[in-house]
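Chemist: quick one, structure for this:
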Amino acid sequence: MTDLDLKTSTTHPGVSGGWRTPDRLYRLISSPVLRMVLGWDLPRYDLRVISRRPGTVCLEVGSGGGFYTTALKAHLGSENTLIALDPSPSAMRSLQHQLDDVPGARVSFLAGDGCKLPLADDQADTLFYGYSLEEMPDPLAAVREAHRVLRPGGELVLFLWRPVFTRHRRRPVIALLDELFERRRTSAGPQNIRLIYRKQ
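Modeler: Got it, this is the predicted structure:
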């Protein structure tokens with residue numbers, strides 16, 4: 001049993017913001033060859049955990065350079081909608097150009113703050129954070145926003161980068177997640193933590 005399996009205190013001290021990946025590094029860290037050599041994530045395989053039902057609206061929070069976005073668009077399929085959100089307008093413009101001819105879900109691109117999502121309440125069926133929550137200036141605010149935007153019964157999928165999101169930083173975040181959502185699945189490796197929640 002890991003510390004992720006335990007319910008922690010429901011008091012939530014502040015959590016400091018994480019390191020933001022510079023735009024210029026996205027191409028390097030998204031290199032399939034580098035990721036294969038280092039044993040890092042493979043998007044087509046990883047995204048199989050995300051449900052897809054006709055009419056699904058999926059919000060990817062922190063799309064960045066699009067490491068997961070291309071595979072997510074293909075995975076969701078043409079009957080669904082993907083909203084790619086990132087605080088960098090230049091990253092969103094570049095990603096839009098990159099995905100123009102990729103088949104799959106209809107895609108909207110938003111430059112916005114993951115701690116204050118520019119969506120109405122109960123609007124998304126799925127929220128996906130691919131190593132972005134730990135980079136946000138206020139992860140607790142981001143979790144509250146996820147709860148606001150996700151519809152009842154919707155799924156929250158989080159991939160967390162363990163070396164950046166240390167136990168001290170993630171403990172209050174996990175406590176809040178467990179308080180607001182029903183945890184459905186947990187897996188933890190040496191480099192990452194993957195959590196799937198459902199909003200009741």
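
Chemist: use CA for all of it now, contacts and neighbours both
Modeler: Will do.

Chemist: and the longest strand along the chain, what's its mean pLDDT?
Modeler: When the chain is parsed with DSSP state E, its longest strand is strand 150-161. For strand 150-161, mean pLDDT is 96.

Chemist: now the strands for this protein?
Modeler: 57-61, 81-86, 106-111, 124-130, 150-161, 182-188, 192-198.

Chemist: quick check: can you name the pairing partners of the third one and their directions?
Modeler: To tie it back to what came earlier, the one meant is strand 106-111. Using DSSP bridges, the strands paired with strand 106-111 are strand 81-86 (parallel).

Chemist: neighbours of the closest residue to G154 other than its chain neighbours, how many?
Modeler: Take G154 and drop its neighbours on the chain: the residue closest to it by C-alpha to C-alpha, 6 or more residues apart in numbering is D125, 4.7 Å away. Neighbour count for D125, taken as other C-alpha atoms under 10 Å: 23.

Chemist: is D125 in contact with A146, as I believe?
Modeler: No - D125 is not in contact with A146 according to C-alpha atoms under 8 Å; the separation is 10.9 Å.

Chemist: what is the longest helix of the protein by residue count?
Modeler: Longest helix in the chain, counting residues (DSSP state H): helix 167-180.

Chemist: what's the average pLDDT for that helix?
Modeler: Helix 167-180 carries an average pLDDT of 96.

Chemist: in that helix, which residues are buried?
Modeler: Neighbour-count burial for helix 167-180, with 16 or more other C-alpha atoms under 10 Å as criterion, is recorded at R169, R170, R171, P172, V173, I174, A175, L176, L177, D178, L180.
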